[in-house]
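Q: here's a sequence, model it:
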Amino acid sequence: MSIRPKSAKIPKIKWEVAPAPTGQYRSFQERSWPSAEFVMPDGTTYPAVRLDCEKEYNPTSVKNGDHPPIKIYVAVHSSTSFEWRALKKTFPNLAEAKEAAFTAIVSYQEFWPMALRPKVDEAVPVAPKPRVKRAPAKPKNV
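A: Presented below is the predicted three-dimensional model:
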């Protein structure tokens, strides 16, 4: 039996791209891939998702699609901290990776910060699907 909130409020998610390296030593810096955060109504943020790849983020290579597969890491929140967990599947382009990340964090409330999870008294138990009864087999004529 799973538990879902009465109101299907999806938390607000904000994606950010790291700025391009600048300055005298920019050739030694790598630009990181996009990441997402949960945004609370009061403005506080909690990490949600980070994308990672073997190569650094380059908008031209993302547009052309000539980069290695993208790995998704989801923040699993506890009452005091969070831990990054990787999804098993990798994705060939940024659009598919973002869509899969959004689906994962919206589908599983275990990935939400404790402040966004529904309280036990606000949750409604969802009944399991009924099993279909099959008709008894007809006896064979012997």
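Q: where do the helices of this protein begin and end?
A: Applying DSSP state H to the chain gives helices spanning 59-64, 94-107.
Q: please work out which of those helices is packed deepest.
A: helix 94-107 (a mean of 16; mean count of other C-beta atoms under 10 Å). Where C-beta positions appear, they are placed from N, C-alpha and C, glycine not excepted.
Q: that helix packs against which elements?
A: strand 12-16, strand 35-39, strand 45-52, strand 70-77, strand 82-91 (3 or more C-beta pairs under 8 Å, 6 or more residues apart in numbering; DSSP states H and E).
Q: can you pull the buried residues of the longest one?
A: So the one you mean is strand 82-91. Phe82, Thr90, Phe91 (16 or more other C-beta atoms under 10 Å).
Q: the fourth one too?
A: For strand 70-77, a neighbour-count test (16+ other C-beta under 10 Å) marks Ile70, Lys71, Ile72, Tyr73, Val74, Ala75, His77 as buried.
Q: in a markdown table: the helices and strands packed on helix 94-107, plus distance to Phe111 and mean pLDDT.
A: A markdown table is the format used below for the helices and strands packed on helix 94-107 (distance: least, C-beta to C-beta, whole Å; pLDDT from 0 to 100):
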| stretch | distance to Phe111 | mean pLDDT |
| --- | --- | --- |
| strand 12-16 | 11 | 89 |
| strand 35-39 | 9 | 90 |
| strand 45-52 | 7 | 90 |
| strand 70-77 | 5 | 91 |
| strand 82-91 | 9 | 91 |
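Q: and those strands as CSV, adding distance to Asn64?
A: Listed next are the helices and strands packed on helix 94-107 as CSV, based on distance: least, C-beta to C-beta, whole Å:
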stretch, distance to Asn64
strand 12-16, 21
strand 35-39, 22
strand 45-52, 17
strand 70-77, 14
strand 82-91, 16
